[in-house]
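Asks: Sequence plus the predicted model coming up.
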Amino acid sequence: MVRQACCRNGEMNRGTWTEEEDRILKTYIQDHGEGKWKSLPKRAGLNRCGKSCRLRWLNYLRPDIKRGNITPDEEDLIIRLHNLLGNRWSLIARRLPGRTDNEIKNYWNTCLRKKLKHDHDLIESKPSIIVRTKATRCTTEFSFCSNNECIKENNATDTTEEAIVPTTSSDEPAASSDQTQEENWWDLLGSLDTSFDFYNWVSICGDNSVFYQEKCNW
DNA sequence: AACTACAGCAACCGCCGTCTC
DNA sequence: AGAGACGGCGGTTGCTGTAGT
């Protein structure tokens, strides 16, 4: 199916939102709630496409949006989460209250990528860590540079089942939803020391499952 | 003062997964 | 079952402000 971009209608307003458009959208959503983005512009009396309205609300108008510079703590968290999750900005943003995926993505692309680039030159010959994830039986290999940030990973399929303890016991049914599984994962991350050992213990496989492993001996 | 280069960021694009009929 | 609609997401673009010459 070939679908036309919704904003390509010549009749639609594009580009920067005006204060008046912001006011209309904000008022409408406060009165009627989020959702039904496709029909929202018409109902609200906006000459914008639904996607544009949704984006404007989520990234700018939402009342819980945090304005201002990224703090050092937030920056540190972004770096560590990016090491684990890659460019999964929405997942990262969920762990930074008030920050949007777009904001974090922009911050990464403009500030952090440059800042961290030099770290790639600092790869040392330390042994890699092998973490096996039971669900996918996928082996993830991490390497580290001198500041202990994880900078490289290689994946390979592996049919060997290691003695790995999943976050839910085998007696329990598998996590019934992504939400449960993700919460388990984040609870685990939150309980761990975020020092170098952090990476010895935790890995993430393709479906966000997390597993413990015996701590590696260097 | 005028021009250029660059950085920052808001907004758009297109793909993909899920839902609905 | 499958086609279309919808919402969410990551990648990219392009506008704007600022620093440098």
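Replies: Sure, I can see it.

Asks: For chain A, give me the ranges with low pLDDT.
Replies: A:1-11, A:116-218 (pLDDT under 70).

Asks: near DNA strand C, which residues of it?
Replies: A:1, A:3, A:15-16, A:35-39, A:50-51, A:54-55, A:87-91, A:101-102, A:105-106, A:109 (C-beta under 7 Å from any atom of the strand). Backbone N, C-alpha and C define where each C-beta goes, glycine included.

Asks: Generate a PyMOL selection restricted to the buried entries among these.
Replies: Here is the PyMOL command that selects only those of the residues of chain A next to DNA strand C that count as buried (16 or more other C-beta atoms under 10 Å):
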select buried, chain A and resi 37+50+54+55+89+91+101
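
Asks: number of nearby residues for A:H32?
Replies: Per other C-beta atoms under 10 Å, the neighbour tally for A:H32 reads 12.

Asks: So for the helix or strand hosting A:K42, what gets flagged as buried?
Replies: In this structure, A:K42 sits in helix A:40-44 according to DSSP states H and E. Residues of helix A:40-44 classed as buried: A:40-41, A:44 (neighbour count, 16+ other C-beta under 10 Å).

Asks: Mark out where each domain of chain A begins and ends.
Replies: Residue ranges for each domain of chain A read A:6-61, A:72-119, A:124-212, as given by automatic domain parsing.

Asks: Of the residues of chain A next to DNA strand C, which belong to strands?
Replies: Taking DSSP state E, every one of the residues of chain A next to DNA strand C sits outside strands.

Asks: Okay, and which of the residues of chain A next to DNA strand C map to helices?
Replies: Counted as lying in helices by DSSP state H, out of those, are A:50-51, A:54-55, A:89-91, A:101-102, A:105-106.

Asks: If we only consider these, which is nearest to DNA strand B?
Replies: Each of those was checked against DNA strand B using C-beta to the nearest atom of the strand; the closest is A:N106, at 4.2 Å.

Asks: Quick one: residues contacting that closest one.
Replies: Listed by C-beta atoms under 8 Å, 6 or more residues apart in numbering, the contact set of A:N106 is empty.

Asks: was I right about A:K26 contacting A:L61?
Replies: Yes: in this structure, A:K26 is within contact of A:L61 by C-beta atoms under 8 Å, at 5.1 Å.

Asks: Identify each buried residue in stretch A:64-71, please.
Replies: A:I70.

Asks: ends of that stretch, how far apart?
Replies: 17 Å (C-alpha to C-alpha, to the nearest Å).

Asks: So which residues make contact with it?
Replies: The contact list for stretch A:64-71, computed with C-beta under 8 Å, 6+ apart, reads A:59, A:78, A:97-100, A:107, A:111.
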